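Trainee: below is the sequence, then the predicted model.
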Amino acid sequence: MSTPMSAGLFVAVDGPSGVGKSTLTRALTIRLTDDGHTVHRTAEPSDGPIGSLARTMTNTADGATLACLYTADRHHHLAHEIEPRLTAGAIVITDRYIASGLVMQRLDRVDPAYLRALNQPVRPPDLLLALTADDEVIRRRLTRRGTHNRYQDQRASSQEEAAYHREAAQHIAGQGALVQTIETTHLTTDAVVALAHKYVRDALTARGGVAA
Ligand SMILES: Nc1ncnc2c1ncn2[C@@H]1O[C@H](COP(=O)(O)OP(=O)(O)OP(=O)(O)O)[C@@H](O)[C@H]1O
Ligand SMILES: Cc1cn([C@H]2C[C@H](O)[C@@H](COP(=O)(O)O)O2)c(=O)[nH]c1=O
């Protein structure tokens, strides 16, 4: 096995609620760790004080309040958890990041320009793995797993959420992130993980490091 590169790689996994973000994030962490990389798996809302507050308030607060809380959590998460790991050379994988901030509070009818402005100073990921799936497939996955939050409980259709995610991915690509879309409708979880694993290895190689 070759030596993993020393510079960190920041990977965000995002997409509509129930598409498979947490499943991929967990499995990808194991694959990359098995390759010999140091991998830090995290999520937003974070486990920090602002993230805990945001999670507690998600079902009760209005969109503007949540937009500010989630962005504050993102800044705190970056400064206290993500950046230190990247500086130490780890691969950091976060389940939800800027794209969720641009999409979820837009579903709460917060002005998208305001959401983009709020998130403008936030460091984009190096690689965004943007998961997609047909509406009906997402509905089945959510029904099988069970819903976690009001966005899923009140969800008439994920088509609006999916469209906002496509726009968010374009915006984040414009900020300099490499965006790889994984259309998961007809893929098993193993196939999704294999593709994501390839994209991370490609990103490591492109940065001049060595994919283990
Ligand atoms: N490629 C896939 N094929 C079939 N089922 C899948 C696939 N990926 C995930 N699932 C299943 O779909 C359900 C939702 O997955 P998961 O919890 O990872 O979604 P999520 O995007 O993290 O959801 P949330 O937005 O609520 O955090 C789970 O039961 C999971 O096992
Ligand atoms: C980052 C972020 C998250 N949210 C919301 C969306 C969900 O209700 C929860 C996360 O739930 P999960 O099942 O643990 O993925 O947080 C949000 O509204 N805005 C955001 O920016």
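Mentor: Yes, it's here. Numbering: from 1, shown residues only. Ligands and ions are numbered 1, 2, ... in the order given.
Trainee: which helix or strand in the protein has the lowest average pLDDT?
Mentor: Of all regular secondary-structure elements in the chain, judged by mean pLDDT, DSSP states H and E, the least confident is helix 150-153 with a mean of 73.
Trainee: which residues does that helix contact?
Mentor: Outside of helix 150-153, the residues that reach it under the criterion CB atoms under 8 Å, 6 or more residues apart in numbering are 17, 18, 58, 59, 104, 107, 142, 147, 161. The C-beta positions use only the backbone N, C-alpha and C, and glycine is treated the same way.
Trainee: now with 10 Å?
Mentor: Residues from elsewhere that reach helix 150-153 (CB atoms under 10 Å, 6 or more residues apart in numbering): 16-18, 58-60, 103-104, 107-108, 138-139, 142, 145-147, 158, 161.
Trainee: are any of those residues buried, and if so which?
Mentor: Members of these that pass the buried threshold by neighbour count (16 or more other CB atoms under 10 Å) are listed as 16-18, 58, 103-104, 107-108, 138-139, 142, 158, 161.
Trainee: pick the one among those residues closest to residue 176.
Mentor: Set against residue 176, the nearest of the buried ones among the contacts of helix 150-153 by CB to CB is residue 103 (19.6 Å).
Trainee: how about the closest one: what's its closest non-neighbour residue?
Mentor: Beyond its immediate neighbours in the sequence, the residue positioned closest to residue 103 (CB to CB, 6 or more residues apart in numbering) is residue 164, lying 4.3 Å away.
Trainee: and the one you found, what pLDDT?
Mentor: Here the pLDDT value assigned to residue 164 is 96.
Trainee: is it within a helix or a strand, and which one?
Mentor: Using DSSP states H and E, the secondary-structure element containing residue 164 is helix 159-174.
Trainee: check which residues of that helix are buried.
Mentor: For helix 159-174, burial by neighbour count (16+ other CB under 10 Å) applies to 161, 162, 164, 165, 168, 169, 171, 172.
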